[in-house]
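Peer 1: below are the sequence and a predicted model; questions follow.
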Amino acid sequence: ARGETKPFWYDGGYRYHQAHIPVREQKQAVGHAVRALYMYTAMAGLAAKTGDESLKQACQTLWENVTKRQMYITGGVGSSAFGESFTFDFDLPNDTVYAETCASIALVFWARRMLELEMDGKYADVMERALYNGTISGMDLDGKRFFYVNSLEVWPKACERHDKRHVKPVRQKWFSCACCPPNLARLIASIGHYIYSQTSDALFVHLYVGSNIQTEIGGRSVEIVQETNYPWDGTVRLTISPESAQEFTLGLRIPGWCRGAEVTINGENVDIAPLTKKGYAYIRRVWRQGDEMVLHFSMPVERIKAHPQVRANAGKVALQRGPIVYCLEEVDNGPNLANLFLPRDAKLEAHFEPDLLEGVVVITGIAERVDESAWNDELYRPIEPRTYQVPFRAIPYYAWCNRGEGEMTVWVNEK
């Protein structure tokens with residue numbers, strides 16, 4: 001139409017379909033986010049099978065662009081509702097975001113394939129981030145309602161706006177194009193495929209999940225049982241039981257968020273610093289039936305800042321503990337969450353609440369609110385706003401919107 005401006009990714013439809021240039025020359029994620037990540041997953045899988053170095057390098061370049069320029073803290077990708085697409089570097093709005101559930105699932109697929117190309121903890125870190133935050137946020141705790149869109153800031157009244165019509169303040173029973181619900185069910189049912197991987201003489205632990213694996217290493221049977229209350233607790237117990245004494249390597253992922261990790265084998269401390277390469281501690285020894293390894297990852301509450309070019313998050317912080325990203329909900333903190341400020345010196349505490357949201361660790365502290373009563377009927381006033389202290393509670397982002405409709409935000413004003 002006359003005067004119409006085409007979207008930045010439009011090029012006769014080719015950029016939208018990632019067909020604008022040969023895949024080996026692509027350096028920035030563009031177009032439909034889910035389709036792009038499915039293609040990158042296939043590229044990584046093909047590169048791993050064929051040893052195609054140029055395809056591997058293209059995957060690594062695209063990975064850096066997606067995860068360091070176009071990914072939300074929750075592992076959400078695809079910031080534009082128009083075209084369900086990637087946009088441009090650092091364009092990460094919280095309230096108009098699309099971040100389709102399927103896109104985070106596709107990111108998990110891609111991360112797993114990248115681990116086959118290169119054993120680097122950065123891939124498993126993103127896989128974990130998406131699994132614990134951007135994927136399962138797409139489903140109610142009872143598994144009956146779903147989000148297509150995973151916003152990081154929701155003001156239910158604003159969902160009436162035309163530019164936010166894609167944002168739903170509550171999860172829906174179904175969709176006319178229902179790709180996300182069955183895709184999420186498939187991911188959860190196949191989670192065992194993402195916990196471990198192996199080579200001819202090594203077994204790698206990518207995710208810390210209560211589980212057991214029976215496999216063969218060097219032609220002999222090995223069973224590993226993993227026990228943990230992760231991600232609420234940073235302690236993981238691995239029992240290694242080969243059918244007979246056997247030497248092989250266990251590669252243990254040391255999460256990128258972890259500021260301190262301790263490892264013991266049969267009660268004896270192991271210094272993993274010299275054994276760690278690209279996010280994995282390589283422990284090689286003769287393993288015997290019943291050997292017990294205990295890992296402990298420090299899990300302090302951390303304040304996360306966004307890159308200065310992420311304009312939507314200027315002056316704001318997000319809370320994270322271990323792999324879990326947190327959010328504030330109206331049901332805990334009252335309305336107008338944009339009027340809440342977290343002081344830089346606020347003490348933040350984490351504790352487990354077994355009766356809340358099927359059992360979660362919450363973060364609590366004291367925040368400040370601007371005193372709205374000083375405004376009376378005025379819209380603008382040349383004054384320094386008065387504030388007062390209020391307690392706040394943050395819950396895991398994935399569990400929001402399970403206690404009725406209300407506001408939610410991941411990023412909080414910092415004072």
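Peer 2: Nice, thanks for sending it over.

Peer 1: could you list the low-pLDDT ranges of the protein?
Peer 2: 1-12 (pLDDT under 70).

Peer 1: identify the residue spatially nearest to the most centrally placed residue in it, adjacent ones excluded.
Peer 2: With the centre of the chain defined as its mean C-alpha position, the nearest residue by C-alpha atoms, centre = their mean is Arg129, 2.5 Å away. Distance criterion C-beta to C-beta, 6 or more residues apart in numbering; nearest residue to Arg129, sequence neighbours excluded, is Gly75 at 4.2 Å. For every residue, glycine as well, the C-beta is placed using N, CA and C.

Peer 1: same check on Leu252?
Peer 2: Ala281 (4.6 Å).

Peer 1: quick one: the strands in the stretch 251-400 of the chain, in order.
Peer 2: 261-265, 268-270, 276-277, 280-287, 291-297, 301-304, 316-321, 324-329, 340-342, 349-353, 360-370, 387-396 (DSSP state E, counting those that start in this stretch).

Peer 1: and among those, the most buried is which?
Peer 2: Neighbour counts (mean count of other C-beta atoms under 10 Å) averaged over each of the strands of the stretch 251-400 of the chain peak at strand 324-329, with a mean of 25.

Peer 1: alpha carbons of that one, as CSV, please.
Peer 2: The C-alpha trace of strand 324-329 is given here as CSV (Å, rounded to 0.1, in the frame of the first residue of the first chain):
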residue,chain,number,x,y,z
ILE,A,324,15.4,-20.0,38.3
VAL,A,325,14.3,-16.5,37.2
TYR,A,326,11.9,-14.8,39.5
CYS,A,327,9.0,-12.4,39.1
LEU,A,328,6.7,-10.2,41.2
GLU,A,329,2.9,-10.7,41.1
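
Peer 1: which strands or helices does it pack on?
Peer 2: Contacts defined by 3 or more C-beta pairs under 8 Å, 6 or more residues apart in numbering; DSSP states H and E place strand 324-329 against strand 316-321, strand 387-396, strand 408-409.

Peer 1: Throw those strands into TSV and include distance to Thr87, thanks.
Peer 2: Output for the helices and strands packed on strand 324-329, formatted as TSV (distance: least, C-beta to C-beta, whole Å):
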stretch	distance to Thr87
strand 316-321	20
strand 387-396	27
strand 408-409	21
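
Peer 1: which one of these lies nearest to Ala189?
Peer 2: strand 387-396 (21.7 Å; C-beta to C-beta).

Peer 1: let's have the strands of the stretch 251-400 of the chain in CSV, adding distance to Gly134.
Peer 2: Below are the strands of the stretch 251-400 of the chain laid out as CSV (distance: least, C-beta to C-beta, whole Å):
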stretch, distance to Gly134
strand 261-265, 25
strand 268-270, 33
strand 276-277, 27
strand 280-287, 24
strand 291-297, 21
strand 301-304, 15
strand 316-321, 13
strand 324-329, 9
strand 340-342, 23
strand 349-353, 21
strand 360-370, 17
strand 387-396, 12
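
Peer 1: so for Leu152, which of the ones you listed sits nearest?
Peer 2: Leu152 lies closest, by C-beta to C-beta, to one member of the strands of the stretch 251-400 of the chain: strand 324-329, at 7.6 Å.

Peer 1: between strand 387-396 and the closest one, find me the angle.
Peer 2: Counting by axes from the mean of the first three to the mean of the last three C-alpha atoms, to 10 degrees, strand 324-329 lies at 130 degrees to strand 387-396.

Peer 1: show residues contacting strand 324-329.
Peer 2: 73-74, 129, 132-133, 152, 231, 318-320, 337, 340, 361, 363, 392-398, 400-401, 403, 406-410, 412 (C-beta atoms under 8 Å, 6 or more residues apart in numbering).

Peer 1: repeat that for stretch 248-257.
Peer 2: Against stretch 248-257 from outside (C-beta under 8 Å, 6+ apart): 119, 121-122, 124-125, 128, 201-207, 217-218, 222, 238, 240, 242, 261, 263, 272, 276, 279-284, 287, 293, 295, 297, 302, 320, 322-323.

Peer 1: if we can go back for a sec, any idea how many residues pack against the residue nearest to Arg129?
Peer 2: 29 (other C-beta atoms under 10 Å).
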